[in-house]
Each structure stands twice: as C-alpha cells, then as structure tokens.
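Trainee: Everything below, folded, please.
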Amino acid sequence: MHGERKMRLLFIGDSLIEYFDWQERFPKNAVYNMGVAGETVEGLYARLPVIYTQLDVLDAIFIMSASIILPWATESSSRPTARLSED
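Mentor: Coordinates of the predicted model:
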C-alpha cells in the first residue's frame, strides 16, 4: 500500500454528518467533515461555493440532508385543521 494516494472524501450535511467520526470509519482515506448541525437544504446549497473553493480536488462527496416538506410549510398553503367529531 506504500505509495498509494489516499482518496479525498468530503462529507457535508447536518448534525448526522457533523457528529459522526468519518475518519474513524474510513481510516485509509483523507476525510473532510463539513457537517453543520441544524443545516437546511437551502443553507447547504448556499455553502457549496465556499466548500468548493476550500477543497478543489475530491474523489467523492457524501451529502446527508433532511428536508421535511409539509404541505402547510409554504407561504401559499394554509395549515390543515382537524375537527373532532361530536358523535
């Protein structure tokens, strides 16, 4: 294995990325953890240009970001209401 180039792995996303020890999981690789707890999809998207300028050559990018899209989460929708039956 002497002389082999380490793969450069980038992990980006929310707290599930930030708080996990990816270097321990992939010890033979160069791991870059740029996870941010509470990260939103929009926040992650906004950070991409900065991330790309900091790390110009990568072998793999792993993205983990949760987005719960509820019908009432947009401004154009109203939150549904539930009625209890009086029967």
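Trainee: contacts and neighbour counts: CA atoms only from here.
Mentor: Will do.
Trainee: Output stretch 20-37 in PDB, but only the C-alpha positions, please.
Mentor: The C-alpha coordinates for stretch 20-37 follow below in PDB (Å, rounded to 0.1, in the frame of the first residue of the first chain):
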ATOM      1  CA  PHE A  20     -20.000  11.200  13.300                       C
ATOM      2  CA  ASP A  21     -16.400  10.300  13.200                       C
ATOM      3  CA  TRP A  22     -16.000   9.700   9.400                       C
ATOM      4  CA  GLN A  23     -12.200   9.500   9.700                       C
ATOM      5  CA  GLU A  24     -12.500   6.500  12.000                       C
ATOM      6  CA  ARG A  25     -15.000   4.900   9.600                       C
ATOM      7  CA  PHE A  26     -12.700   5.500   6.600                       C
ATOM      8  CA  PRO A  27      -9.200   5.400   8.100                       C
ATOM      9  CA  LYS A  28      -7.300   4.800   4.800                       C
ATOM     10  CA  ASN A  29      -8.700   8.000   3.300                       C
ATOM     11  CA  ALA A  30      -8.400  11.700   3.700                       C
ATOM     12  CA  VAL A  31     -11.700  12.700   5.200                       C
ATOM     13  CA  TYR A  32     -13.100  16.300   5.300                       C
ATOM     14  CA  ASN A  33     -16.200  16.700   7.500                       C
ATOM     15  CA  MET A  34     -18.000  19.900   6.800                       C
ATOM     16  CA  GLY A  35     -21.300  19.000   8.500                       C
ATOM     17  CA  VAL A  36     -23.200  21.700  10.400                       C
ATOM     18  CA  ALA A  37     -25.800  20.800  13.000                       C
END
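Trainee: How about residues contacting that stretch?
Mentor: Contacts with stretch 20-37, where a contact means CA atoms under 8 Å, 6 or more residues apart in numbering, come from 6-19.
Trainee: Could you tell me which of the residues you listed belong to strands?
Mentor: Under the assignment DSSP state E, the contacts of stretch 20-37 contribute 8, 9, 10, 11, 12, 13 to strands.
Trainee: Would you write a PyMOL line that selects the buried entries of the contacts of stretch 20-37?
Mentor: For anyone working in PyMOL, the buried entries among those, judged by 16 or more other CA atoms under 10 Å, can be selected with:
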select buried, resi 8+9+10+11+12+13+14+15+17+18
